[in-house]
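**Q** Give me the fold of what follows.
(chains A, B, C and D)
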Protein chains: 4
Amino acid sequence: MAGNSIGRLFCVSTFGESHGVALGGVVDGCPAGLEISEADLQIDLDRRKPGQSRYTTQRREDDQIKILSGVFEGKTTGTSIGLLIENTDQRSQDYGKIKDVFRPGHGDYSYWHKYGVRDYRGGGRSSARETAIRVAAGAIAKKYLKQYHGIEVKACLSQLGPIKAEVIDWSEVENNLFFFPDSSKLDALDEYMRELKKSGDSIGAKVLVVATGVPVGLGEPVFDRLDAEIAHSLMSINAVKGVEIGDGFAVVEQKGSEHRDELTPQGFTSNHAGGTLAGISTGQDIIASIALKPTSSITIPGNSINTSNESVEMITKGRHDPCVGIRAIPIAEAMLAITLMDHLLRQRGQNPHVNLAHGPIPGSIK
Amino acid sequence: MAGNSIGRLFCVSTFGESHGVALGGVVDGCPAGLEISEADLQIDLDRRKPGQSRYTTQRREDDQIKILSGVFEGKTTGTSIGLLIENTDQRSQDYGKIKDVFRPGHGDYSYWHKYGVRDYRGGGRSSARETAIRVAAGAIAKKYLKQYHGIEVKACLSQLGPIKAEVIDWSEVENNLFFFPDSSKLDALDEYMRELKKSGDSIGAKVLVVATGVPVGLGEPVFDRLDAEIAHSLMSINAVKGVEIGDGFAVVEQKGSEHRDELTPQGFTSNHAGGTLAGISTGQDIIASIALKPTSSITIPGNSINTSNESVEMITKGRHDPCVGIRAIPIAEAMLAITLMDHLLRQRGQNPHVNLAHGPIPGSIK
Amino acid sequence: MAGNSIGRLFCVSTFGESHGVALGGVVDGCPAGLEISEADLQIDLDRRKPGQSRYTTQRREDDQIKILSGVFEGKTTGTSIGLLIENTDQRSQDYGKIKDVFRPGHGDYSYWHKYGVRDYRGGGRSSARETAIRVAAGAIAKKYLKQYHGIEVKACLSQLGPIKAEVIDWSEVENNLFFFPDSSKLDALDEYMRELKKSGDSIGAKVLVVATGVPVGLGEPVFDRLDAEIAHSLMSINAVKGVEIGDGFAVVEQKGSEHRDELTPQGFTSNHAGGTLAGISTGQDIIASIALKPTSSITIPGNSINTSNESVEMITKGRHDPCVGIRAIPIAEAMLAITLMDHLLRQRGQNPHVNLAHGPIPGSIK
Amino acid sequence: MAGNSIGRLFCVSTFGESHGVALGGVVDGCPAGLEISEADLQIDLDRRKPGQSRYTTQRREDDQIKILSGVFEGKTTGTSIGLLIENTDQRSQDYGKIKDVFRPGHGDYSYWHKYGVRDYRGGGRSSARETAIRVAAGAIAKKYLKQYHGIEVKACLSQLGPIKAEVIDWSEVENNLFFFPDSSKLDALDEYMRELKKSGDSIGAKVLVVATGVPVGLGEPVFDRLDAEIAHSLMSINAVKGVEIGDGFAVVEQKGSEHRDELTPQGFTSNHAGGTLAGISTGQDIIASIALKPTSSITIPGNSINTSNESVEMITKGRHDPCVGIRAIPIAEAMLAITLMDHLLRQRGQNPHVNLAHGPIPGSIK
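**A** Residues are numbered from 1 along each chain as shown, chains lettered A, B, ... in the order given. Here you go, the predicted structure:
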């Protein structure tokens, strides 16, 4: 494949540009019999949707998802599911001026050199607008994982610039527009964002994504380890510059006696590993963190060049997110869900004779 | 594929267990005409080889590589290259005792639950011994990248436990047994490792891996971004718990005005991005870091369980690396090289009409 | 992937059911810079379109193709191309009666057992209506192959039931509604079809598909031979039960001295092989034939069962093609073009150093 | 992948040349727990082995298979299985003369043009000697299919040149060196082969390959239909020029009323389809036929050219099979078994919720 697909047995392909006619995709490999509706997908799309708060871009898109195939009488049929979102609030004219200019920190430069042509409207294919379809596909995976296996995938903003969550209170996450798990920091966040917006700058963020109820045995040896594929899928999200599993970079200064998760007949006593050993799930929570860079679409002037290799000064007007990490929450969930779903199907296909019931994790794959 | 292969056009498959007859693999997709010999591959294998210093495992393996096919009269023929390393210093009897026990922090538990059976000898397939074939395959990629495109891939140990390199002096890296780029810290490292060994414990590490001379345009949109595939291939290395591209997790606290790499007619003025924009190479150095956990094979007793779910106390005897990060240097190089090679072939296949010469990077893909 | 995609570097994924909202797909991997419009795709869609003659189904579908992404200012951008055709003339009520019945010779039985659920409307996903998107994708491949490499792909009906073409006159093919290359048989065909229709029965057919101008060197060793992948893509067309390359089944009675295509400095003296040797193209025409079964949708009663395993008598009303081979012409072209396109990109990616100019085939890959 | 691998979940990769050091491969994805030994694999290798009768090549190779990994204490562990056969009877000197010459009907010409270099010894990678590893991998699939699902795969020579089997008596097939199912023709075959050998020529053949006990539901929609993937895998066998499923090319002259397989509560009343409907298995026998061309390695002089494009006269000495169809029997079985195995794992992965027990096929996938 040329890059726009992910997954082996649960395979998601997407198409569409920021200011094109529509975004769309194909979810191939969803087992038959899952009850699914457009409303199920819309929930996560609405969580990701632009224009919802003063902290995110003011572009207004309904992001109304249509299921075009693969669902009959309310249930998946096992055949490929076509997804479509029509773009409604394109303002391509915003981009006429940057036609021949490479915005620093954007894909303009690399896309133009790679392809020799470029859809310059809002980043074209490299825009994070593309992730809407990922969120829709992820919602299918999430519903399946929960319904058939009790697996839940959830994410939150664990840090925004200098402001870290001191506690991870999942019950708070959906109560605020930052998806922040520490309500004691909400005022600080609000203040920080006001100042940031005033300055015309943007800020990075850290997102925590967790899956609970994951059975033992997901992930394949060596190259298709679960953690490696999670790293792949999370790093494929726009603006992500780092991925951690479990303790992540903290392990650099850990000793073996501290890091290793000990086992007792009642289960593991800690989860430094983040839910995988040798790349295969252990039945503990899958824990991953990602670092998202600050968007380069800011109103502070910056130096760049145009396609004639001449100096230009850039100021990005348009409508942009000052912290792309906020809207990344449902995207991170979607990507983790897609990867887990794929490995669940692969494990089933490859290891049907294993009676996982003898392991300490009840309710695992059958 | 079931997990033991990586790459689309340059595809590496491996087989073999720590204490089995042999390790081996197939490199499929190397272009015809590359001069290659077993000696070329042996160089990197010797850099990774166990038993070389007091800082690494005392297991002695020659790791003598054999090329079984795909090379004729000293040149690759374009057909699949068979690779083989016979194991010579297995001491399976070391492992009889752990037959029914899950060593904490190892793949024993997850493999057993995944497959229902387990080759308990030295971790079987989950042992890092498997990476020898990756290193051999990576050496083929490295030679090709350098010879045809001037791309060089190199790695070093940037941190071992609390000891960080303050400078990255690449000329020092091959002069010491730590592959450490800051010679002022060598005494401290030696002392640290002596103490560590005495305590019977192990320590984590951080490895920096860099590719220079990379042309613009490698990487595919959306899911097969170069950075996402690098994350995949680096996270697939045993013990890796985190991957960063460019500034990595530091971006969380960066502002957009600070992070975005500005452009001038003479090129980029910084490289916070680590060589990719929107997942596609920019022609700058590719920069990645990985975090490696401390090995769990330590002589300090730990709690675990056996296959009957009974408590046991574990002490890992055998021969082990107190810091697996050291020997990971050539492995990290190999994985980055394999991923770059794959994307070089993909870019050529997919974008033949692009004259990259108009870009600021001379000597790019033709 | 779960089955709805084909190709590695030029990858086509499709979705949609016979009586669903829409058919669609993704073409991933088309090189940037190709001028393409909806009109280019419509030409082949119109050749395949139902309701065009008294010899084909009376269902009326405009099959109006929409390009939703991947094309900007009239040229491909290298990113994924989204395709959509809305269904307009569904008559799902025609199918209410067969909800619980398996039509003999159709996918009803196998789909129902595979998935446990079934979209019974017109065969759902198993309907040949799905091939409309293949034809659209194939038109993109055909345009590219012709424009950049002078490769042309064409097909004709070489046999309909007992009536064989005695000559292959390509200039006749588009002059008649049978795509038949032997004009002397047109009256016989017309007569045969009248009688057939009267009887309520259907008939099989043979289609010849040829590619000219193919360079030497397409196809990969062993499993991804060009002929094997052509067999795959042609056999994936609905109703196809046999595929031949070159002389096909006639080779069973040939001797080596007769079959082998001899070489002279001026080129090959014959083409029994059909354009491949050891699975790799020789620069001669690629020649393939396929056998298409008679459709089972006929008005002659047949025995079948329902989902309760009770006997039922089936008469297929609805609107059907008495000879599906006729409309298969553009589909066969599309599938061959897609496979050639994929292998062209793969060959470029994998063998960039080969100067094919020294071979006897001018105008080959550069 | 670059061509030397087949299968998604049960994936076979091979390497090795006719006169290289060794042939080998990797079987990735065999479920854990299957009892398997080298002796199990040797049975089919011995059926394919050269030098066994006066009807096949006189090259003598033991074809002694070694299992290098993936099997522990007699059972598969779920990890990749390394396979190796050392070449012992190379006579590369036989080939020095053809170093610069393209043998007509062989891959010499296409390989040389594809890669620019060529291992000229006995066809190098394009030699059918490569199929030994396929047979070994196929033996693993066959054992699994039989043991866990009661699926059996068998093949026979249904026609050799003008001599057709009038009856298919499977009990005769292993009783003669032709694998011929009609014992009344054995004298004629013997006589025909004597004459053929005397003349220095070769002859084509037809092979029938059948799988019994196949459950309903194998095969994926649209592109990965079971029949399309069978066509792929069978056409990938050296010398194959045609593939039929069920009635194959006979369908061209069949009517729908004749072809469609009717259903009764007791099952299908015929099997014209060859065991698939809409590309998905029906639970009936899978029936396929392949046409194998006569080898071009004959002693009758033929015209060819050399790498300088000069005319040469070719006589192939060396040791060759006058009818390659004979030794293709175990190869055809292997390829069908590999494809069925892959689809069995895929079906399990993708459709776990389907209780196939309500179908008419007892003992199907659970």
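**Q** quick one: contacts of the strand or helix carrying residue A:44?
**A** Taking DSSP states H and E as the criterion, residue A:44 maps to helix A:38-48. Helix A:38-48 is contacted from outside by A:63-67, A:83, A:85, A:131-132, A:135-136, A:138-140, A:142-143, A:327, A:329-331, A:333-334, using C-beta atoms under 8 Å, 6 or more residues apart in numbering or on different chains. To be clear about C-beta, it is placed using only N, CA and C from the backbone, and glycine gets the same treatment.
**Q** which ones are touching residue A:199?
**A** Residue A:199 touches residue A:300, counting by C-beta under 8 Å, 6+ apart.
**Q** so, in contact with chain D or not, the helix ranked longest in chain A?
**A** Across chain A, the longest stretch assigned as helix under DSSP state H is helix A:324-350. Yes - legend: contact between helix A:324-350 and chain D by C-beta under 8 Å from any C-beta of the partner chain is shown at A:345, A:346, A:347, A:348, A:349, A:350.
**Q** any idea how far residue B:14 is from the fifth one?
**A** Right, residue A:349. 21 Å (C-beta to C-beta, to the nearest Å).
**Q** cool, and residue A:102?
**A** For residue A:102, the distance to residue B:14 - C-beta to C-beta - is 40 Å.
**Q** Quick one: name the residues of the stretch 201-350 of chain A near chain D.
**A** A:221, A:222, A:345, A:346, A:347, A:348, A:349, A:350.
**Q** Can you report how many residues lie near the fourth one?
**A** Spelled out, it's residue A:346. Residue A:346 has 29 neighbours, counted by other C-beta atoms under 10 Å in any protein chain shown.
**Q** Double-check it against residue A:220; I have them as touching.
**A** Yes - shown here, residue A:346 and residue A:220 form a contact pair, counting by C-beta atoms under 8 Å, at 6.6 Å.
**Q** So what's the predicted local confidence for whichever residue of the stretch 51-200 of chain A sits closest to chain B?
**A** As assessed by C-beta to the nearest C-beta, chain B sits closest to residue A:107 within the stretch 51-200 of chain A, at 2.5 Å. In this model, residue A:107 is scored at 94, pLDDT.
**Q** so what's the closest residue to it other than its chain neighbours up against?
**A** Among residues not flanking residue A:107 along the chain, residue B:278 sits closest, at 2.5 Å (C-beta to C-beta, 6 or more residues apart in numbering or on different chains). Going by C-beta under 8 Å, 6+ apart, residue B:278 touches A:106, A:107, A:110, A:111, A:123, A:126, A:238, B:221, B:225.
**Q** ranges for the helices of the stretch 101-250 of chain A?
**A** A:108-115, A:131-149, A:170-173, A:186-199, A:226-235 (DSSP state H, counting those that start in this stretch).
**Q** Can you pull out the low-pLDDT segments for the stretch 1-150 of chain A?
**A** The model of the stretch 1-150 of chain A has pLDDT under 70 over residues A:1, A:51, A:58-59, A:90-94.
**Q** circling back: among the contacts of helix A:38-48, which are in reach of chain C?
**A** Restricting these to those near chain C - C-beta under 8 Å from any C-beta - leaves residue A:66.
**Q** Which among the contacts of helix A:38-48 count as buried?
**A** A:63, A:65-67, A:83, A:85, A:131-132, A:135-136, A:138-140, A:142-143, A:327, A:329-331, A:333-334 (16 or more other C-beta atoms under 10 Å in any protein chain shown).
**Q** got the contact list for the residue in the stretch 101-250 of chain A positioned nearest to chain D?
**A** Nearest residue of the stretch 101-250 of chain A to chain D (C-beta to the nearest C-beta) works out as residue A:221 at 5.5 Å. Contact analysis of residue A:221 by C-beta under 8 Å, 6+ apart lists A:278, A:279, A:280, B:3, B:4, B:125, B:126, D:78, D:79, D:80.
**Q** Tell me which of those fall in helices.
**A** Checked against DSSP H, those include nothing in helices.
**Q** Turn those into a markdown table, including distance to residue C:173.
**A** Formatted as a markdown table, those follow (distance: C-beta to C-beta, whole Å):
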| residue | distance to residue C:173 |
| --- | --- |
| A:278 | 60 |
| A:279 | 55 |
| A:280 | 57 |
| B:3 | 48 |
| B:4 | 48 |
| B:125 | 57 |
| B:126 | 60 |
| D:78 | 53 |
| D:79 | 54 |
| D:80 | 50 |
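**Q** any chance you could map the strands in the stretch 151-300 of chain A?
**A** According to DSSP state E, counting those that start in this stretch, the stretch 151-300 of chain A carries its strands in the segments A:152-160, A:163-164, A:205-212, A:240-245, A:263-264, A:267-268, A:276-277, A:280-281, A:286-292.
**Q** would CSV of the ones you listed with mean neighbour count be doable?
**A** Converted to CSV, these look like this (neighbours: other C-beta atoms under 10 Å in any protein chain shown):
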stretch, mean neighbour count
strand A:152-160, 24
strand A:163-164, 17
strand A:205-212, 24
strand A:240-245, 30
strand A:263-264, 20
strand A:267-268, 18
strand A:276-277, 28
strand A:280-281, 28
strand A:286-292, 27
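**Q** In JSON lines: those strands, plus mean pLDDT and distance to residue C:297.
**A** Formatted as JSON lines, the strands of the stretch 151-300 of chain A follow (pLDDT from 0 to 100; distance: least, C-beta to C-beta, whole Å):
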{"stretch": "strand A:152-160", "mean pLDDT": "98", "distance to residue C:297": "45"}
{"stretch": "strand A:163-164", "mean pLDDT": "98", "distance to residue C:297": "65"}
{"stretch": "strand A:205-212", "mean pLDDT": "98", "distance to residue C:297": "47"}
{"stretch": "strand A:240-245", "mean pLDDT": "98", "distance to residue C:297": "51"}
{"stretch": "strand A:263-264", "mean pLDDT": "96", "distance to residue C:297": "61"}
{"stretch": "strand A:267-268", "mean pLDDT": "96", "distance to residue C:297": "58"}
{"stretch": "strand A:276-277", "mean pLDDT": "98", "distance to residue C:297": "51"}
{"stretch": "strand A:280-281", "mean pLDDT": "96", "distance to residue C:297": "48"}
{"stretch": "strand A:286-292", "mean pLDDT": "98", "distance to residue C:297": "49"}
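**Q** Please identify which of the ones you listed is closest to residue D:209.
**A** strand A:280-281 (37.0 Å; C-beta to C-beta).
**Q** Tell me the strands beside that closest one, with direction?
**A** Sheet pairing of strand A:280-281 (DSSP bridges) gives strand A:276-277 (antiparallel).
**Q** Can you name the residues in contact with the partner strand?
**A** A:219, A:225-227, A:245-246, A:282, A:286, B:105-110.
**Q** again, 7 Å this time
**A** A:219, A:226, A:227, A:245, A:282, B:106, B:107, B:109, B:110 (C-beta atoms under 7 Å, 6 or more residues apart in numbering or on different chains).
**Q** Need the buried ones from the residues you listed selected in ChimeraX.
**A** Those of those that count as buried under 16+ other C-beta under 10 Å are selected in ChimeraX with:
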select /A:219,226,227,245,282 /B:106,107,109,110
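**Q** any chance of the contacts of strand A:276-277 in a markdown table, plus distance to residue A:18?
**A** What follows is those, written out as a markdown table (distance: C-beta to C-beta, whole Å):
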| residue | distance to residue A:18 |
| --- | --- |
| A:219 | 34 |
| A:226 | 32 |
| A:227 | 31 |
| A:245 | 31 |
| A:282 | 40 |
| B:106 | 46 |
| B:107 | 43 |
| B:109 | 45 |
| B:110 | 41 |
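**Q** All set, thanks.
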